[in-house]
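A.B. asks: Generate a structure from the sequence data that follows.
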Amino acid sequence: MTALYVSDLTAAEKAASMEAWKAASRYGRRRAVEIVFSAVKRLFGSGVRALKWKNIVQEVGLKVALYNRLVGMASGGIG
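C.D. replies: Below you'll find the predicted structure:
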């Protein structure tokens, strides 16, 4: 039995293999997360004012909730 190498695959097989790998590994999802992080930072700034950890978590959560509400309103939803 001979080993199958990537170079032995046809272009269509390589493309199908790549698409299957992308779906299985959730490739490209980081980009979506980075876009949201960037939007939140542009709207509310990159820092937080709270000093205690529980308050930092609460402040970030409120910023994200407000961002979600703004996006919902912009897309025609209730928000």
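
A.B. asks: So in this structure, where's the weakest helix or strand by average pLDDT?
C.D. replies: helix 11-25 (a mean of 85; mean pLDDT, DSSP states H and E).

A.B. asks: Can you say which helix or strand has residue 77 in it?
C.D. replies: Residue 77 is part of no helix or strand when elements are defined by DSSP states H and E.

A.B. asks: roughly how far apart are it and residue 9?
C.D. replies: 45 Å (Cβ to Cβ, to the nearest Å). All C-beta atoms are positioned from the backbone trio N, CA, C, and that covers glycine.

A.B. asks: So those two - more neighbours on which side?
C.D. replies: residue 9 (13 against 10; other Cβ atoms under 10 Å).

A.B. asks: can you give me phi and psi for the more buried one?
C.D. replies: Note on residue 9: its backbone torsions stand at phi -80, psi 150 [degrees, to the nearest 10].

A.B. asks: count of neighbours near the closest residue in space to it that isn't next to it in sequence?
C.D. replies: Sequence neighbours aside, residue 17 is the residue nearest to residue 9 in space, at 6.8 Å (criterion: Cβ to Cβ, 6 or more residues apart in numbering). For residue 17, the count of nearby residues is 12 (other Cβ under 10 Å).
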